[in-house]
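Enquirer: Turn this into a model:
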Amino acid sequence: MTINSIGFVGTGAITEAMVRGLLTEPAYASEIHVSPRSAHIAATLAEEFASVRIAGDNQTVVDRSEMVFLAIRPQVAEEVVRALSFRNGQAVISLVAATERQALLDWIGADVHLVQAIPLPFVAQRQGVTAIFPPDAAVAALFDTLGTAVQCQSRKEYDLLAAASAVMSTYFGVMESVAGWLEKSGLERAKSQAYIAPLFASLAQKANSPCNEPFSALSREFATKGGLNEQVLSDFDKQGGLAALTAALDGVLARIEGRRS
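Expert: Numbers count the residues shown, from 1 in each chain. Coordinates of the predicted model:
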């Protein structure tokens with residue numbers, strides 16, 4: 001399936017990742033219109049892909065696109081969206097974080113077909129997973145091309161997955177902590193990183209295997225009774241690591257839902 005024209009209001013890192021994924025052969029779009037904001041990214045994409053067009057302004061992106069992605073920061077979203085005129089029935093996919101659906105519809109001010117999505121940088125390689133709400137066959141097909149789409153049946157499901165996606169920096173932070181400890185203990189930094197990165201990659205691959213084993217079962221499998229892995233998990237829990245992670249997720253969910261954490 002190919003869409004004739006897709007547009008991006010906002011040309012940041014996620015837009016760049018999505019454009020690269022969409023235009024990987026076989027391309028998913030005949031034309032992609034990007035806004036002039038973040039001129040360097042827009043120019044790089046236009047130079048690399050003949051299908052990319054740099055619009056003169058955001059309204060031109062909307063006018064020339066069948067499907068419009070709002071890839072803008074929540075701090076400026078209302079100002080940017082209210083200034084645009086959308087067509088009734090137009091497909092609009094919001095990538096704006098922690099923003100209520102009704103607020104988006106009020107800002108848009110037209111009877112559009114609105115879907116919210118949380119794409120991650122891995123879509124550039126057509127990998128990873130994207131949560132969307134509400135369920136939508138056409139939008140799910142697009143994100144299935146860019147990896148895997150998870151269609152949420154409720155706003156609660158969508159908010160929960162949004163909160164879960166906030167652990168990405170923590171994941172790399174754990175890797176950095178282990179690599180830093182190895183370096184302080186006498187191992188070269190290059191060797192530390194060369195060991196830790198594939199170790200974590202292998203664990204992620206195991207977790208994503210077709211067997212679909214519960215994470216709790218995998219944890220037990222890798223924690224030999226009385227062994228080193230069991231010791232680290234036990235100490236991590238006793239020192240408040242697991243409780244801190246749960247509290248952090250509760251705080252992120254509260255922020256997403258507009259409550260005080």
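
Enquirer: And the closest residue in space to residue 124 that isn't next to it in sequence, which helix or strand is it part of?
Expert: Sequence neighbours aside, residue 17 is the residue nearest to residue 124 in space, at 3.9 Å (criterion: CB to CB, 6 or more residues apart in numbering). For glycine as for every other residue, the C-beta is placed from the backbone atoms N, C-alpha and C. Following DSSP states H and E, one finds residue 17 within helix 13-23.

Enquirer: Now that helix: average pLDDT?
Expert: Helix 13-23 shows a mean pLDDT of 97 in the predicted model.

Enquirer: I'd like to check the angle between the helix or strand just after that helix and helix 13-23, please.
Expert: Next along the chain after helix 13-23, taking DSSP H and E as the criterion, comes strand 29-34. In terms of direction (axes from the mean of the first three to the mean of the last three CA atoms, to 10 degrees), strand 29-34 departs from helix 13-23 by 160 degrees.

Enquirer: Now do the helix or strand following strand 29-34: everything it contacts.
Expert: Helices and strands here follow DSSP H and E; after strand 29-34, the next one along the chain is helix 39-48. For helix 39-48, the external contacting residues (CB atoms under 8 Å, 6 or more residues apart in numbering) are 11-13, 15-16, 19-20, 32, 34-36, 52-54.

Enquirer: From the chain's centroid, how far away is helix 39-48?
Expert: Distance of helix 39-48 from the chain centroid (CA atoms, centre = their mean, to the nearest Å) equals 21 Å.

Enquirer: so it versus helix 13-23, what angle?
Expert: Using the same axes, to 10 degrees: helix 39-48 against helix 13-23 is 10 degrees.

Enquirer: Show me where the stretch 151-261 of the chain has its helices.
Expert: 155-164, 168-184, 189-207, 215-221, 228-238, 241-256 (DSSP state H, counting those that start in this stretch).

Enquirer: so what does the shortest one touch, helix or strand wise?
Expert: Same thing as helix 215-221. If contacts are counted by 3 or more CB pairs under 8 Å, 6 or more residues apart in numbering; DSSP states H and E, helix 215-221 sits against helix 189-207.

Enquirer: Burial check on the closest residue to residue 23 other than its chain neighbours, number of neighbours?
Expert: Leaving out its chain neighbours, the residue that sits closest to residue 23 by CB to CB, 6+ apart is residue 49, at 5.0 Å. For residue 49, the count of nearby residues is 16 (other CB atoms under 10 Å).

Enquirer: so who does residue 49 touch?
Expert: 19, 23, 32.

Enquirer: Hmm, the last one is touching residue 6, no?
Expert: Put plainly, it is residue 32. Yes - contact status for residue 32 versus residue 6: in contact at 5.1 Å, counting by CB atoms under 8 Å.

Enquirer: overlap in contacts of these two?
Expert: With CB under 8 Å, 6+ apart as the test, residue 32 and residue 6 both reach residue 22.

Enquirer: My assumption is that residue 150 lies in a strand; please confirm.
Expert: Yes - the assignment for residue 150 by DSSP: H, G, I helix; E, B strand; the rest coil puts it in a strand.

Enquirer: tell me the strands in the stretch 1-150 of the chain, going along the chain?
Expert: Assigned by DSSP state E, counting those that start in this stretch, the stretch 1-150 of the chain shows strands spanning 3-9, 29-34, 52-54, 67-70, 91-94, 113-118, 129-133, 148-151.
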